[in-house]
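**Student:** Dropping a prediction and its sequence here:
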Amino acid sequence: MAHALLSYAAYVPRHRLARAELAAALGSGGGKGSRAVASYDEDSTTMGVEAARAALADGVGVPSIHFATTAPAYFDKTNATAIHAALDLGHDGFAVDLAGSARGAVGALRAAAAGGGLAVLSDLRTGRPGSADERDGGDAAAAFLFGDGEPIATVRAEASTTAEFLDRWRAPGELASGQWEERFGAEAYAPLIHDAVTRALEQAGVAQPDHVIVSSPHARAAAAASKRYAGRVPEQAPAIGYAGTADPGLRLAAVLDRARPGETILLVVAADGCDATVLEVRPGIEGARAPKPVAELVEGGRELRYATYLTWRGLLDREPPRRPEPGRPAGPPSLRSESWKFAFVGSRCEACGQVHVPPRRVCVNCQAVDRMERAALSRKPGTVATFTVDRLAFSPSPPVIDAVVDFDGGGRYTLEVADASPDEVEIGTPVELAFRRLYTSGGVHNYFWKATVA
Amino acid sequence: MASNGIKDRVAIVGMGCTRFGERWDKGADELLVDAVQQCFAATPALPKEDVDAYWLGTMNSGQSGTVLSKPLGIDYKPVTRVENMCATGSEAFRNACYAVASGAYDRVMAVGVEKLKDTGYSGLVRSNVAGDGTAPEETLTAPAAFSLLDPAYCRKYGVDPQAMRDAMTHVAWKNHVNGAKNERAQFRKEVPKEKIDAGAGKVAGRLGVMDCSGVSDGAACALIVRAEDAYRYTDRPIFVKALSVIAGPASGPIDPGYDYTTFHEVVASAKDAYAQAGISDPRREISLAEVHDCFTPTELVLMEDMGFSARGQAWRDELDGVFDLGGALPVNPDGGLKSFGHPVGASGLRMLFECWLQFRGEAGERQIADARLGLTHNLGGRPGTCVSFISIVGAQQG
C-alpha cells in the first residue's frame, strides 16, 4: 500500500433489537445482548455517508471513493456516487462500488490505500426470521481516508489466500443467504487463514501483534482463528452483531480508538479466502482519533420491537396509511439541485447575508438578484423553531415528526426528525443533520437530509 | 401597493350553491349543473343565453374552460378556468368581477367546483409537480403544516397550552353549532366540546379530526353585472366593495424571521381590502366574516391578521364568544370550512353565498340582524407559503 491511513470514523445506527425480543416473538432462539438495526430510512449508502462525514474534516478533498457493501441500495447504478455527492466533492474524482461479498471491504481498503482516497465500508445484515444471520448480524459503517499526510497508521505487510468453496451464497433478489454445513466451512477456512496470517506476520517481522481482529461471515472460523492468533491487548469488540463489509472496519476503528503509537494490528478478513494485513500505529493517531469512539456509538440505543424490525426490512407487509404514496423524485431536477439535495448546500446573499436553503437567485430579504455565494450547511447545528407530529403522513414508521429548523449562522428548513419519539422534540431542541432516505417510490430512493436530536 | 379597487361598480344578482358533502351520488359535471341551474332558476331575468362570459374555478377537477362549457352546453362563449389553490373559487369570482368592471362584458358568471371524494383517500389529495424530492410539502400533510402554528403561538404569547386547546375546541364547536343550522352543510350536527377534545392529537400535532375542515364535494356560483344594472335582475343585489388577492415570496419556511403566528399575506390582503372599501375599524364595521378555518388554529391567527383581535388575544376573544353567531362579530355563521365542508374550488363562492343569504334575510336560524357588510377570506397554501384572498361585499351601495 502506497498511502498511509490519515483518518477514520465509524457509524452505528441508533436502533437495537434485543435477542431476547427475538426469542419472545419467535418462541425460540434468542440469546444475550442485541444487534444494531438501521432505521427504515437508512441503507448502506446513508450509513456510509455518516461514517464518511465523521471521518473527513470539513473541506478535505477526496480523490476517490471505494464503497463496499453486501447490501447495495441499487444495482446497475453506482451507490458511491450518492456518497460522493453528499460529501460535496463536486464532479471531480472516482467513485465505485465493491458490492457483493464481505471481502469487498478489503478490496476497498486496498484500493484506497494504493491510490489514495476514501474506503467506505457499510452494510445491513438480514436473514430469514429466526435465522442466525438475523440474530447475529448487525448494521454499521466505517470509513478510512488514505493519502499523503500525517499518518495515523501504515501498512507493514499484507498477504492473501483465495479458494472457491461453497460456504455462503445468495442469488440476486434473494432475501437470505444459503449456508453449507457449518463444520465444512470451519475446516475449509482454517488453512487459508493460517497461510495468510503466517505470511503477513513474517513479512512484517512481527511475532506477536498487539491487536488482532478476525472478521468473517463464518462465526466459527473467526472464533477459532481469534483463539489461535490472540493479540497482546484483548480486543473490545463492538457487540452490535457481525456487520458484513463494515465489520472489519468497525472493529479496526474500535482498535484505533485505543491503540498507542508503535503498536501493531493484525487485521484478518476471512471471506472466500483470507486477507491478513499488518498495520503499525503511528504517532499521528494521538491527534486524529475519530470524533466519536466506537464504544460510544455502540452504547445505549433505542429498543426496537421485533414487528417493527420486520416491517422496516420489508419482511412484514403491513397495511399502509390511507394516503397516496409520494411521487418518485425526478431525474433532471435532482441533478439540477445535486449539491442542495445531496450535500445541503444553500446560497448566501452577498448583499445582505441572508442564507437560503434551497439556494435561490432572488434574495428573500433584500431582493438582490444573482448575487449569491455557496452556503454549505450540512455540518451546521440547528434549533427547532416549531414542530409537529404528523400522524396522517405516509411513512413506514409513523408518526412522522417534522420540525422547522433554524441553522446557526442563518438558514431555515422544515425537516423530518429521525430516530426520535414525539416527546423528545420541542421548541428550542438542538438538532443536527443526518443523511437519510425519505422514501422509496417507483424504485427510486429519495435521499435527503433529516434532523436528529443533538 | 397601489390598488384602485372597484368599489360599488359591480354587483351579484343571483347565486347558487349545492349541498356540500361526500357526494358519492354526483360527479363534478352534475354538481356544476345543480349549482348553475339553481342560480338561473332564482334569477329569471338573467337566463343562460344572456350571460356573456364565464370564469370557472377548480383546483383539481379538470382543466380548461371545457370543464364548465361541456356539462352546461355553453354555446361558444368565453370560459376561463382559474386556479389559486384553496382560494380558487374566490379567484374565479375576482376575475369575473374585473371583467364586468373593465367594461369588457356586462353579465358574467363565476362558478367554482371541486370533486374531492373520488380519490379513495379520506384527506385532501393533490398532484405534486415533478421535483427533486426535497420539498417538505411532499411529505408534510396540510393538518401537520397548520398545526405548526399552535406551539409557536403558545410560545410567543405565553398562552397556556390548555387555554389554546380550549380556544381551538371552541372554533370547532362554534362552527358546528352554526353548520347544524345550515341545510347545505356537510356536517349538520352540533358536537360537544368533550368529544372534540377527546380526539385531539390524533391527526397532527394537537389537531384531531374535529380540528380539520370537511373534505367534500360541491359547487357554487354567482351572476355578476354592472352595479347600475343590478336592480334589473333582483330587488336585493349585493355590491362588491373590495377584492384583494396577495401572494408573498413564500419565504416563511426558509426565513428564520417568520415566527409561525401570522400570515403576512393575510395582513397585506386585509389592509388592501379595507383601503378599497374604506373600512377603518373592521371589528365594528363588518357584520359577518366567512374566513378560511381550514384547521382550528388557522381561524385564531386569522382573527388577529384581519384586525378583529389584538395580537395574542384571539384565543381569548374566541373563548369569550366574540365570534359566535350571537357575538359581536359572527365568524363563519354558515359553519365554515369546518362544518360546511371544503370543496376547494367552490369554497370562496360558498362564503359569498352566505353573505347573499344574510343580506337578503334568507339565512333562517342563522340570520344575523341588520347584516350589511360581509367579509370573505380564502387562504391558499400553508403557513409561510400561501396566497390570501379577501373580499368585502355590502347590502347597499355607498
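**Tutor:** Cool, got the structure.
**Student:** So B:Trp356 versus B:Phe93, what's the distance?
**Tutor:** 12 Å (C-beta to C-beta, to the nearest Å). Placement of C-beta: from N, CA and C, glycine included.
**Student:** Sorry, slip of the keys, the one I care about is B:Phe239.
**Tutor:** For B:Phe239, the distance to B:Phe93 - C-beta to C-beta - is 14 Å.
**Student:** What are the contacting residues of whichever strand or helix holds A:Ala200?
**Tutor:** According to DSSP states H and E, A:Ala200 maps onto helix A:182-204. Residues from elsewhere that reach helix A:182-204 (C-beta atoms under 8 Å, 6 or more residues apart in numbering or on different chains): A:156-163, A:165, A:167-168, A:179, A:207, A:209, A:214, A:216, A:218, A:220-221, A:224-225, A:228-229, A:264, A:266, A:268, A:270, A:273-278.
**Student:** Likewise for stretch A:340-355?
**Tutor:** Outside stretch A:340-355, the residues that reach it (C-beta under 8 Å, 6+ apart) are A:82, A:85-88, A:329, A:334, A:339, A:356-360, A:363-366, A:368, A:371-378, A:407, A:409-411, A:433, A:435, A:447-449, B:132-134, B:255.
**Student:** pull the CA atoms of that stretch into PDB?
**Tutor:** The C-alpha trace of stretch A:340-355 is given here as PDB (Å, rounded to 0.1, in the frame of the first residue of the first chain):
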ATOM      1  CA  TRP A 340     -28.600  21.000  -2.400                       C
ATOM      2  CA  LYS A 341     -30.400  17.600  -2.300                       C
ATOM      3  CA  PHE A 342     -27.300  15.600  -1.600                       C
ATOM      4  CA  ALA A 343     -25.000  18.000   0.300                       C
ATOM      5  CA  PHE A 344     -27.400  20.500   1.800                       C
ATOM      6  CA  VAL A 345     -25.700  23.400   0.100                       C
ATOM      7  CA  GLY A 346     -27.700  26.600   0.000                       C
ATOM      8  CA  SER A 347     -26.900  30.200  -1.000                       C
ATOM      9  CA  ARG A 348     -25.900  33.200   0.900                       C
ATOM     10  CA  CYS A 349     -26.800  36.700  -0.300                       C
ATOM     11  CA  GLU A 350     -23.600  38.700  -0.900                       C
ATOM     12  CA  ALA A 351     -25.600  41.900  -0.400                       C
ATOM     13  CA  CYS A 352     -27.300  41.200   2.900                       C
ATOM     14  CA  GLY A 353     -26.000  37.900   4.200                       C
ATOM     15  CA  GLN A 354     -29.400  36.100   4.200                       C
ATOM     16  CA  VAL A 355     -28.900  32.400   3.900                       C
END
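**Student:** Report the buried residues of that stretch.
**Tutor:** A:Trp340, A:Lys341, A:Phe342, A:Ala343, A:Phe344, A:Val345, A:Gly346, A:Ser347, A:Arg348, A:Cys349, A:Gln354, A:Val355 (16 or more other C-beta atoms under 10 Å in any protein chain shown).
**Student:** so the last one bridges to which residues?
**Tutor:** As for beta bridges, A:Val355 partners with A:Arg348 under DSSP bridges.
**Student:** Could you measure from it over to A:Arg348?
**Tutor:** 5 Å.
**Student:** Repeat that for the first one.
**Tutor:** Distance of A:Trp340 to A:Arg348, computed by C-beta to C-beta: 13 Å.
**Student:** How about the second one?
**Tutor:** The spacing between A:Lys341 and A:Arg348, counted by C-beta to C-beta, is 18 Å.
**Student:** B:Ala198: neighbour count?
**Tutor:** 12 (other C-beta atoms under 10 Å in any protein chain shown).
**Student:** do the same with B:Leu373
**Tutor:** Neighbours around B:Leu373, by other C-beta under 10 Å: 20.
**Student:** Quick one: residues contacting it.
**Tutor:** B:Lys241, B:Ala277, B:Ile279, B:Glu285, B:Ile286, B:Ser287, B:Ile392, B:Val393, B:Gly394, B:Ala395.
**Student:** for the stretch 51-200 of chain A, which spans come out with low pLDDT?
**Tutor:** For the stretch 51-200 of chain A, no stretch has pLDDT under 70.
**Student:** Do you have the strands of it handy? List them.
**Tutor:** Per DSSP state E, counting those that start in this stretch, the stretch 51-200 of chain A carries strands over the ranges A:64-69, A:94-99, A:117-123, A:140-147, A:153-162, A:168-169, A:178-179.
**Student:** No further queries at this time; thank you.
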